[in-house]
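[1] next come a sequence and a model predicted from it.
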Amino acid sequence: MRRTRDTAPVERATVEQAKGVLAERFGCDVETAYDRLLELAAGAGVEPETAAALLLGAVPDAAPRARHPSAPAHGHGEVPLPRGGPGAADDADPAAQLALVERLGGLGWARWDLVTGEARWSAGLFALFGRDPAAGPVPLDRLAEHVVPADLPHAEHFTRTLLGRLEPAEAELRVRAGGAVRLLRAVAEPVLGADGAPAALRAVFQDAARGPGGEPLAATRLQLARRHRRIAEERRTAVELQRALLPLPRGPRELPGLRAAVRYLPACGGTRAGGDWYEATALPDGEVFLAIGDVAGHGPPAAAAMARVRNALSGLACTGAPPDRLLAALNRMLLSRTTLDGPAHGRDRPPAASAVAARYEPGPGVLTWARAGHPPPLLVRDGAAALLESPEGVLLGAHEAPDLAPVITRLHRGDLLLLYTDGLVERRDRDLADGFRTLLAAAAARPGAGPDAVIDHVLRSLGAANPDDDTCVLAVQVV
């Protein structure tokens, strides 16, 4: 929550006063008192400043006594409470108020010290777990024993996020509470020590069945939450794999006679990442090999197949063969199944793929290229943009003898060539022809601009990341 400059000093002063009250009440130092304040706040599900204001509001003379620690204490060092009718003292006591919040909200908090092994639970958490406080808190390394077996993978992911990634985490888990099973929502964060290692864990638990709908609603919410977590985890795995297999350069890349830039946008929905790839590299003979393509499918299997296709084509390019022969050889490899797909891919047919492959000779400025089932390259020259014409060719891996006729295009200084995958122009909510028209207009709108600027403008013009398909764009400019 954003706080204004006017309220921040007041909130800091309130926290300091509350720390003084707690330090006096519990006979501890100020830092320990602050830990108590954080625990009280976590148990109530409020900010520390709110908990401090609640505490000071419940103890009218707390503020002056916090400012003057030498003021005499009442009784045995306890903070005096407001007078009132029956039950007024309990209602005003901050610990009682927080206990009331726990009870009404079905809440409980815990803190596990990872250095000393000490565990602290609130009364509300003992109630949620159906555990006798005399038995003490459950140690962190034994908490999984209380989780039903079907939910253990989610509990392990919860722990890995906290202690492995050192990030806050949340989960909904079914735990054994006494003789029953209870669905609990857990939100936790790691506390890092001075060395950056996790020193403690703080967590708040809530009975997920509280509220309208009860258990049926909680069960449905649990299923949805797990589905979203699974999708997010699969997508993260696919994106991380794709990035490891297809590293992107930072900034423009200099090649013989060319300046290149590339962008990759994973699909923004589901686990759809992994199939698109590019290549831009100088060959031993002084020419430049350019390629871009897309392997059918999404997720880790497509990412793995993408890496094999890209590496195979890059290796073949070093033989000096023209682009049409390179694509024909790649087609034969895909059809052989065992080289690029095999039984690990989990289906009888090899993965279909599309590609554009090109060789550029810097001296004469000759670009020789061919495509197989892929959108055509786009050429920007003198402020005008046009799609280069050639036989489209069929997808690789779909036919034993595809038509892969080579095309020769002469490039001039300042020309910009754009290679891209279909995720750039194909959208569910847009006609393909409209996508190409927008692409041509955007590419021509930056005459004389470098490849980085052109790509960025094209991506802005065509909208946010495609929800259904990843997008790769390679731009090269003759220098």
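    Received the coordinates, thanks.
[2] show me the domain layout of this protein.
    1-103, 106-210, 245-478 (automatic domain parsing).
[3] buried deepest among those domains, which one?
    Greatest average neighbour count among the domains of the chain goes to domain 245-478 (a mean of 19), per mean count of other CB atoms under 10 Å. Glycine gets a C-beta too; all of them are placed from N, C-alpha and C.
[4] re the thing from before, redo the domains of the chain as JSON lines? Include distance to Arg236 and mean pLDDT.
    Below are those laid out as JSON lines (distance: least, CB to CB, whole Å; pLDDT from 0 to 100):
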{"stretch": "domain 1-103", "distance to Arg236": "28", "mean pLDDT": "55"}
{"stretch": "domain 106-210", "distance to Arg236": "11", "mean pLDDT": "89"}
{"stretch": "domain 245-478", "distance to Arg236": "9", "mean pLDDT": "85"}
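[5] okay, these in JSON lines with distance to Arg230 next?
    Formatted as JSON lines, those follow (distance: least, CB to CB, whole Å):
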{"stretch": "domain 1-103", "distance to Arg230": "27"}
{"stretch": "domain 106-210", "distance to Arg230": "9"}
{"stretch": "domain 245-478", "distance to Arg230": "9"}
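[6] Leu326 in helix, strand or coil?
    Of the three states, Leu326 takes helix under DSSP: H, G, I helix; E, B strand; the rest coil.
[7] now do the same contact list for it.
    Listed by CB atoms under 8 Å, 6 or more residues apart in numbering, the contact set of Leu326 reads 313, 316-317, 357, 370.
[8] let's have these in a markdown table, adding distance to His154 and secondary structure.
    Output for the contacts of Leu326, formatted as a markdown table (distance: CB to CB, whole Å; DSSP: H, G, I helix; E, B strand; the rest coil):
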| residue | distance to His154 | secondary structure |
| --- | --- | --- |
| Leu313 | 41 | helix |
| Leu316 | 45 | helix |
| Ala317 | 46 | helix |
| Ala357 | 45 | strand |
| Ala370 | 49 | strand |
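[9] check those residues against Asp324 and report the nearest one.
    Ala370 (4.1 Å; CB to CB).
[10] the closest one and Val407 touch, don't they?
    Yes. Using CB atoms under 8 Å, Ala370 is in contact with Val407, at 6.7 Å.
[11] looking at the contacts of Leu326, which one is closest to Ala449?
    Ala357 (26.1 Å).
[12] which residue packs closest to the closest one, ignoring adjacent ones?
    What sits nearest to Ala357 in space, not counting adjacent residues and going by CB to CB, 6 or more residues apart in numbering, is Pro323, at 4.0 Å.
[13] relative to Ile408, how far out is that neighbour?
    To Ile408, Pro323 is 10 Å away according to CB to CB, to the nearest Å.
[14] any common contacting residues for the two?
    Thr368.
[15] look up phi and psi at Tyr278.
    The phi/psi pair for Tyr278 (degrees, to the nearest 10) reads phi -150, psi 170.
[16] for beta bridges, what are the partners of it?
    In this entry, Tyr278 is beta-bridged to Ile292, by DSSP bridges.
[17] check Thr471 too.
    The partner residues for Thr471, given DSSP bridges, come to Leu265.
[18] do I have it right that it meets Tyr420?
    Yes. Assessed by CB under 8 Å, Thr471 is found in contact with Tyr420 at 7.3 Å.
[19] SS state for the closest residue to Ala119 other than its chain neighbours?
    Spatial nearest neighbour of Ala119, chain neighbours left out: Pro137 (3.8 Å); criterion: CB to CB, 6+ apart. Using three-state DSSP, the structure places Pro137 in coil.
[20] wait, what's in contact with Pro137?
    110, 119-121, 125-126.
[21] gap between the closest residue to Pro362 other than its chain neighbours and Ala453?
    Nearest residue to Pro362, sequence neighbours excluded (CB to CB, 6+ apart): Gly257, at 3.0 Å. Using CB to CB, Gly257 is found at 20 Å from Ala453.
[22] am I right that Leu201 is in a strand?
    Yes. Counting by three-state DSSP, Leu201 is part of a strand.
[23] ok, it to Gly105 distance?
    Taken as CB to CB, the span from Leu201 to Gly105 is 21 Å.
[24] now swap in Cys472 and tell me
    Applying CB to CB, the value for Cys472 to Gly105 is 48 Å.
[25] surely Ala443 and Leu418 touch.
    Yes. With contacts counted by CB under 8 Å, Ala443 reaches Leu418, the gap being 5.9 Å.
[26] which residues do the two both contact?
    In contact with both Ala443 and Leu418: 378, 380, 454, 458, using CB under 8 Å, 6+ apart.
[27] for the last one, give me its contacts.
    Contact criterion CB under 8 Å, 6+ apart gives 418, 424, 439, 442-443, 473 as the residues in contact with Val458.
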